[in-house]
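>>> My questions concern the predicted model and sequence given below.
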Amino acid sequence: MSTYDVIVIGSGPGGYVAAIRCAQLGLKTACVEGRDTLGGTCLNVGCIPSKALLHASHMLHEAEHNFAEMGLKGKSPSVDWKQMLTYKQSTIDTNTKGIEFLFKKNKIDWLKGWGSIPEAGKVKVGDEVHEAKNIIIATGSEASSLPGVEVDEKVVVTSTGALELGKVPKKMVVIGAGVIGLELGSVYARLGSEVTVVEFLDAITPGMDPEVQKTFQRMLKKQGLEFIMGAAVQKTEATKTKAKVHYKLRKDDSEHVIDADVVLLATGRKPYHDGAGLDALGIEMTKRGQIAVDDHWATSVKGIYAIGDVIEGPMLAHKAEDEGMAVAEVIAGKHGHVNYGVIPGVIYTHPEVASVGETEATLKEAGRAYKVGKFSFMGNARAKAVFAGDGFVKIIVDKETDRILGAHIIGPGAGDLIHEVCVAMEFGASAQDLAMTCHAHPTYSEAVREAALACGDGPIHM
Ligand code: FAD
Ligand code: NAI
């Protein structure tokens, strides 16, 4: 039996970051992971492999649509799917091995196997029981199921199966126009699949700024994705090679069927804590099956903390990472903190979509007076030069104080641009502060400055 200051269960972005920070703060740390590789959902079957496929398929799209205009002539590349999967796997491998290296560097023990907590202060892995003054649960999430839809990860798949299909399907039906459905749907659309997205609501990407939703859907349609909106999927019927998706239109209850070679179920994710022994410990849970925690990520059982997808909040890798760092600091007697008001969300399609903070809808609901500054990428020289003038930056500020409350971007590099606004928000900056900051020319970030100028006396290039 070994004794540790901290044992982390789960090595996703929440768990591995918590382990590294604990070790950096002088705590003797171990991390339990049941998968063969470290890095959790994000590195193995989430963020990283999906971004590799998004990148590869975007390159193909550029070659097919924009090369000729730039004077780059020749045959467009064809898709070698097996090689694309090899490239995706090598991206995963370098990243998961990177975490293994960081564990060694920081003298963190990787306890290989599935862990459970037989009692507070103890973690069981296989036949061994280890003692820990503190335990951090970071066991993540799994794909939600949908009644009537049986996943076989071959014809009816979750994101995990969609990242390693045997071939590019001729026809793909995506259930759910959320982040996973649109990212992976656009990968396959670019690779040549006919992609139809069936969505329960009347707008894609719930919770997002409505102007961004509309623009985003228009752009995706232009890229070949088809949408059936306001449609509740009832069931799927699958053979070994094909499936039928039955759905009902909410407006008139009419029933329809659509055929597919592959169906991607992407209707959300739920917290995962199977086998960890939480029931016997009596750990308090929320109504939605998440582990309930206080402001310091402490559960209802002393010495046990929880972070990441398994607790409340957006299911995002960077949110889990921030909680990982913060909980380590709390355990080490410091002041760990996460500003939940400034957690950006990014969709890595082309163009990217990014948002942070309040939307007009949340502000209206709260009865707060606000002002909007908007700037189109059509006024940004760099964006136009790379065929990316479609899209905009929208900054929302407090009407009285000009303090930035939120930002919503659809356009080139949106996932990077959003961080300028995040930093400004962390410092309590006004739009004028952003507008008075010199921005290099020609960069996409000038569009952020112009949107900030639009909150005041007006943008220059519009
Ligand atoms: P996880 O990453 O889920 O890690 C939990 C780990 O715990 C797993 O490795 C699991 O094996 C292990 N585990 C569970 N139980 C036990 C046990 N009892 N014993 C031992 N080990 C255990 N987020 C983003 O921010 N950006 C993105 O681009 C993005 N893309 C995504 C794409 C896809 C297809 C998916 C599915 C998700 C994506 N996400 C993205 C979400 C992101 O992956 C999660 O928010 C993030 O991984 C959560 O981190 P976590 O540490 O809480 O849990
Ligand atoms: P989601 O919650 O983003 O979207 C699910 C969609 O399915 C919603 O639009 C919902 O209305 C729809 N839906 C639900 N039931 C339906 C039904 N019966 N018929 C038709 N549509 C239905 O969930 P998603 O895309 O599965 O992603 C899960 C999580 O993974 C997200 O919370 C996200 O944070 C995370 N993620 C993040 C990424 C990123 O940051 N770029 C990328 C991929 C995932």
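Cool, got the structure. Computed from a prediction, not measured in an experiment: that's the story for all the values here. Ligands and ions are numbered 1, 2, ... in the order given.

>>> just so I have it, where are all the helices in the stretch 201-350 of the chain?
Ranges of helices within the stretch 201-350 of the chain are 210-222, 278-281, 317-331, based on DSSP state H, counting those that start in this stretch.

>>> between the ones you listed, which gets nearest to ligand 2?
Closest of the helices of the stretch 201-350 of the chain to ligand 2 is helix 317-331, at 7.2 Å (criterion: Cβ to the nearest ligand atom). Just so you know, the C-beta spots here come from the backbone N, C-alpha and C atoms, and that holds for glycine as well.

>>> So that closest one, near ligand 1 or not?
Yes - under the criterion of Cβ under 6 Å from any ligand atom, ligand 1 is reached by helix 317-331 at 317-318, 320.

>>> one step back: in TSV: the helices of the stretch 201-350 of the chain, plus mean pLDDT.
Listed next are the helices of the stretch 201-350 of the chain as TSV, based on pLDDT from 0 to 100:
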stretch	mean pLDDT
helix 210-222	97
helix 278-281	95
helix 317-331	98
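
>>> As JSON lines, these with mean neighbour count would be great.
Below are the helices of the stretch 201-350 of the chain laid out as JSON lines (neighbours: other Cβ atoms under 10 Å):
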{"stretch": "helix 210-222", "mean neighbour count": "17"}
{"stretch": "helix 278-281", "mean neighbour count": "15"}
{"stretch": "helix 317-331", "mean neighbour count": "23"}
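
>>> contacting residues for the residue of the stretch 351-462 of the chain found nearest ligand 2?
At 8.3 Å from ligand 2, residue 415 is the closest residue in the stretch 351-462 of the chain, using Cβ to the nearest ligand atom. Residue 415 makes contact with 344, 346, 348, 352, 354, according to Cβ atoms under 8 Å, 6 or more residues apart in numbering.

>>> ok so, going back, so for residue 114, which of the helices of the stretch 201-350 of the chain sits nearest?
Nearest of those to residue 114, taken as Cβ to Cβ: helix 278-281 at 13.7 Å.

>>> how far is that closest one from where the chain is centred?
30 Å (Cα atoms, centre = their mean, to the nearest Å).

>>> now stretch 93-112
Counting by Cα atoms, centre = their mean, stretch 93-112 is centred 23 Å from the centre of its parent chain.

>>> That one near ligand 1 at all?
No - using Cβ under 6 Å from any ligand atom, stretch 93-112 stays clear of ligand 1, coming no nearer than 8.3 Å.

>>> Just after whatever helix or strand residue 22 lives in, pick out the following helix or strand.
Assigned by DSSP states H and E, residue 22 falls within helix 13-24. Going down the chain from helix 13-24, the next helix or strand is strand 29-33, by DSSP H and E.

>>> gap between that next one and the chain center?
For strand 29-33, the distance to the chain centre is 24 Å (Cα atoms, centre = their mean).

>>> Distance-wise, check whichever residue of the stretch 51-200 of the chain sits closest to ligand 2 relative to ligand 1.
Ligand 2 sits closest to residue 178 of the stretch 51-200 of the chain, with a gap of 1.8 Å, by Cβ to the nearest ligand atom. Distance from residue 178 to ligand 1, counting by Cβ to the nearest ligand atom, to the nearest Å: 11 Å.

>>> quick revisit: how close does the residue of the stretch 351-462 of the chain closest to ligand 2 get to residue 339?
Remark: distance between residue 415 and residue 339 (Cβ to Cβ, to the nearest Å) = 19 Å.

>>> List the buried residues of stretch 90-102.
Going by neighbour count (16 or more other Cβ atoms under 10 Å), the buried part of stretch 90-102 is 91-92, 95-96, 99-100, 102.

>>> list the contacts for the residue minimising distance to the centre of the chain?
The chain has residue 316 as the residue nearest its centroid, 4.8 Å off, counting by Cα atoms, centre = their mean. When contacts are counted by Cβ under 8 Å, 6+ apart, residue 316 touches 343, 345.

>>> ditto for residue 147
Contacts for residue 147 (Cβ under 8 Å, 6+ apart) come out as residue 235.

>>> Phi, psi for it please.
Main-chain torsions, residue 147, degrees, to the nearest 10: phi -50, psi 130.

>>> ok, it to residue 274 distance?
Counting by Cβ to Cβ, the gap from residue 147 to residue 274 is 20 Å.

>>> for ligand 1, what are the nearby residues on the protein?
Within the chain, the positions near ligand 1 by Cβ under 6 Å from any ligand atom are 9-15, 32-35, 40-42, 46-47, 50, 114-115, 138-141, 159, 180, 272, 275-276, 308-309, 315-318, 320, 348.

>>> tally of neighbours for residue 128?
Residue neighbour count, defined by other Cβ atoms under 10 Å, stands at 11 for residue 128.

>>> next SSE after the helix or strand containing residue 365?
Using DSSP H and E, residue 365 maps to helix 360-366. For helix 360-366, the succeeding helix or strand toward the C-terminus, using DSSP H and E, is strand 370-376.

>>> relative orientation of that following strand and helix 210-222 in degrees?
Here the directions of strand 370-376 and helix 210-222 differ by 30 degrees (axes from the mean of the first three to the mean of the last three Cα atoms, to 10 degrees).

>>> How is the protein partitioned into domains?
The chain breaks down into these domains under automatic domain parsing: 3-143+270-338, 156-267, 343-453.

>>> Show me what counts as buried in the helix holding residue 365.
For helix 360-366, burial by neighbour count (16+ other Cβ under 10 Å) applies to 360, 362-363.

>>> and which of the residues you listed is nearest to residue 296?
Taking Cβ to Cβ as the measure, residue 296 sits nearest to residue 362 out of those, at 26.2 Å.

>>> Run through the residues that contact that closest one.
Residues near residue 362 by Cβ under 8 Å, 6+ apart: residue 406.

>>> follow-up on the earlier one: could you give the separation of the helix holding residue 365 from the chain centroid?
From the chain centre to the centre of helix 360-366 is a distance of 24 Å (Cα atoms, centre = their mean).

>>> Report the inter-axis angle for the longest helix seen in the chain versus helix 13-24.
Across the chain, the longest stretch assigned as helix under DSSP state H is helix 81-105. Note on geometry: by the same axes, to 10 degrees, helix 81-105 and helix 13-24 are set 30 degrees apart in direction.
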